[in-house]
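Sequence isn't available, so here's the structure alone:
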């Protein structure tokens, strides 16, 4: 037995979530080999493009005349029958078929007897219950499951705690998405601007100033948000910038001064009206053509005429875009490799038929009919079929570049659930200062809340809480010495916004708006008025408000090199900007300890070699001088930053689309008129860029792909990317800038 047992219920839950036959094949072969050392050789082939039923079918060395079939199909009886027929058809000699599945097969004895009566072959079934019983058979079997879980089982924090099985490194989507963020061609193409322009133009469809129909900036953002179904704030800055560009000469968008809104020029509106009519016609031609193909195959396979196969075809196409969207889009648009798409289609067809109200006796015939139809549409399409799929492929590419894709959502949600982030006072103090602002203006607070909700583990330690408590004592003293009794002097926004201490500034701003009459009442929102037990008060407040947990130094169980800490502290004292030498020394000591703590925890937990999602332990700080000083002093850590950027958490975690939001977008777009309409706004050179990166992925070895993904994830967290980042800026600082601009 394995020394450390695997929980069988975890095995059942994990295997039930496998929807990719290749992933199950890899796990199943590794598990079987762990029980008895052997290698697997494919049986048969794809002569009939996988219709012959021999996908994921293998012979095993040392076990003569035994064939293994690994399958995730819901209909075990139908799948085994198709496999037995295919083995006979291909003249493959065997005595025994072992059917291995991630599902639970009911009434196995009766099924085995029925199959023997029909085929005179011995069949054994190893389903999820068999995996549960054997997972702890040995260290090797337990390790095979742990390896599978470590690579493919991803924890998601939305909604609640959940898990999903996904092959992130074996699929080009994550690789292409991360690579294009740093690609020089992307910079030349200004992809974020292209995407913003496409969304603006789509949002403005239907405007007509002659009929009084225009859209305000907020209405444009609202329609874009409705379309993409994620927090539009993540692209709000670039939308604003592009509206200014598009309304300048030569105008692609008009701003109607009298109606106070944006609209499309007359010529553009006319072109769109004609195009929309053509889109409806194209959709109808596609449906008629595909329905005709499917009905013909159904007749040939003996499917009852009452069945309308077209809704099943649409659901299959929907699932193809969900599961293999980038490869499918690349194949349709650029003639890329179809191998991955080909491998997924039989499983998708099986899953769609299993969910549909198809009588069991007709399922095999319906599956065959749908497989033949889909392959004809993909490989031998008519003009209307090719045009329709091409439009959907362009729309998919645009949504993909907006991070709106199921596999990307899984990757970023999984990454977020693994992050352990120590939050600097440079973030906590602004977050505290926003407490009396309207919720939509709480930039730092909302970042922390969203990161918490995404599953990020936000932390503080003794050094951080001591520094924060010292800051409260400092502002209380400074208020008493410099501001007490002068409240009437600070009666205008511009005067208030120049107060250097952020929390004092926040107090006067809220006081001017009638929210906090006295400074003691302002402080009382966070800590005791007597200024006693501040550390405990702040620990409780931060955990309650933002989910920031306090971790005692002893609980971390790491040793920090004293000489490195002292050297870094001295270096930081020279670069810290505070209003007192004592303050600079205190801040330098705290920051030096946090930097070394992050590196020590990474080493303790062996984060340098774990997974493709990059380091898990980080320091969230707005202070860039500390990182630069650390690189100068700590040569051993010079290649690995410890600071995670706030705009990374904003853009790719806090405001990123969730899986539920992505599912909603895909439900409306693939296939459908929404998917067709969006396609007109994406330039061909952007498609060419993604196609080049898909090809690059295919040419790299799995090891290089994993290493590249890890490197790119770490760069995303620590370095500014070419993406349209939503830079974190305090609302009161923004107000001051606006007031200064107005004054000038």
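Here it is on my side, so go on. Everything numeric here is computed off the predicted structure, so don't read it as measured data. Numbers count the residues shown, from 1 in each chain.

Where does the prediction get shaky in the stretch 401-550 of the chain?
The stretch 401-550 of the chain contains no residues with pLDDT under 70.

That one: helices as residue ranges?
Under the criterion DSSP state H, counting those that start in this stretch, the stretch 401-550 of the chain carries helices at the ranges 406-418, 425-433, 443-453, 462-478, 493-496, 502-512, 519-524, 534-546.

which secondary structure elements does the second one contact?
With contacts taken as 3 or more CB pairs under 8 Å, 6 or more residues apart in numbering; DSSP states H and E, helix 425-433 sits against helix 443-453, helix 462-478, helix 502-512. Yep, even glycine has a C-beta here, placed from its N, CA and C like the rest.

Kindly present those as CSV, with separate columns for distance to residue 305.
Shown next, in CSV, are the helices and strands packed on helix 425-433 (distance: least, CB to CB, whole Å):
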stretch, distance to residue 305
helix 443-453, 51
helix 462-478, 71
helix 502-512, 72
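
Looking at these, which is nearest to residue 657?
Counting by CB to CB, residue 657 lies closest to helix 443-453 out of these; the figure is 12.5 Å.

From the chain's centroid, how far away is the closest one?
For helix 443-453, the distance between its averaged C-alpha position and the chain's averaged C-alpha position is 17 Å (CA atoms, centre = their mean, to the nearest Å).

List the contacts of residue 432.
Contact analysis of residue 432 by CB atoms under 8 Å, 6 or more residues apart in numbering lists 503, 526.

And for residue 498, the neighbour number?
Neighbours of residue 498 under the rule other CB atoms under 10 Å: 12.

Helix or strand: which one has the closest residue in space to it that isn't next to it in sequence?
The spatially closest residue to residue 498, leaving aside those adjacent along the chain, is residue 736, at 7.2 Å (CB to CB, 6 or more residues apart in numbering). Here residue 736 is covered by helix 731-743, with elements defined by DSSP states H and E.

Measure how buried the nearest residue to residue 483 once chain neighbours are set aside is and give me the count.
Residue nearest to residue 483 in three dimensions, not counting chain neighbours: residue 504, with 6.4 Å by CB to CB, 6+ apart. Other residues within reach of residue 504 by the criterion other CB under 10 Å amount to 21.

For residue 585, report the pLDDT, please.
Per-residue confidence for residue 585 comes out at a pLDDT of 69.

got a list of what residue 295 touches?
Contacts for residue 295 were tallied using CB under 8 Å, 6+ apart; they are residue 309.

a helix runs through it, doesn't it?
Yes. When the secondary structure is assigned by DSSP: H, G, I helix; E, B strand; the rest coil, residue 295 falls within a helix.

gap between it and residue 283?
Distance from residue 295 to residue 283, counting by CB to CB, to the nearest Å: 18 Å.

returning to that earlier point: so the residue nearest to residue 483 touches residue 484, yeah?
No. The pair residue 504 / residue 484 is not scored as a contact, 10.8 Å apart, by CB atoms under 8 Å.

what do those two both touch?
Common neighbours of residue 504 and residue 484, counting by CB under 8 Å, 6+ apart, are residue 519.

hang on, residue 99 is in a strand, isn't it?
Yes. Per three-state DSSP, residue 99 lies within a strand segment.

wait, it sits on residue 81?
No. Here residue 99 does not reach residue 81: they are 10.7 Å apart, not a contact under CB under 8 Å.

who's more crowded, the two?
residue 99 (25 against 17).

pLDDT at that one, what is it?
Confidence score, pLDDT, at residue 99: 96.

Now stretch 487-503: buried residues?
If you call a residue buried by 16 or more other CB atoms under 10 Å, then stretch 487-503 has these buried ones: 490, 493, 496, 497, 499, 501, 502, 503.

nope, stretch 338-352 is what I was after
Using 16+ other CB under 10 Å as the burial criterion, the residues of stretch 338-352 that qualify are 338, 340-352.

Adding secondary structure and distance to residue 176 as columns, could you present those in CSV?
Output for those, formatted as CSV (DSSP: H, G, I helix; E, B strand; the rest coil; distance: CB to CB, whole Å):
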residue, secondary structure, distance to residue 176
338, coil, 17
340, helix, 13
341, helix, 15
342, helix, 19
343, helix, 19
344, helix, 17
345, helix, 21
346, helix, 25
347, helix, 23
348, helix, 21
349, helix, 26
350, helix, 28
351, helix, 25
352, helix, 27
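
Any chance of TSV for these, columns pLDDT?
Formatted as TSV, the buried residues of stretch 338-352 follow (pLDDT from 0 to 100):
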residue	pLDDT
338	70
340	68
341	72
342	76
343	73
344	81
345	86
346	84
347	85
348	90
349	90
350	87
351	87
352	92
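
what's the closest of those residues to residue 545?
Comparing those against residue 545 with CB to CB places residue 351 closest, at 43.4 Å.

I'd say that closest one and residue 320 touch.
No. With contact defined as CB under 8 Å, residue 351 does not count as touching residue 320 (11.4 Å).

Break this structure down into its domains, please.
Here the chain is described, according to automatic domain parsing, as comprising the domains 8-167, 183-404+659-683, 425-654.

show me where pLDDT drops low in the stretch 201-350 of the chain?
Within the stretch 201-350 of the chain, the stretches with pLDDT under 70 are 229-230, 340.

rewinding a little: what's the closest of the domains of the chain to residue 174?
With respect to residue 174, and counting by CB to CB, the nearest of the domains of the chain is domain 425-654 at 7.9 Å.

how deep is residue 25 tucked in, by neighbour count?
Residues near residue 25, counting by other CB under 10 Å, number 22.

separation between the residue nearest to residue 495 when sequence neighbours are not counted and residue 508?
Using CB to CB, 6+ apart and skipping the chain neighbours, the partner closest in space to residue 495 is residue 489 (7.3 Å). For residue 489, the distance to residue 508 (CB to CB) stands at 10 Å.
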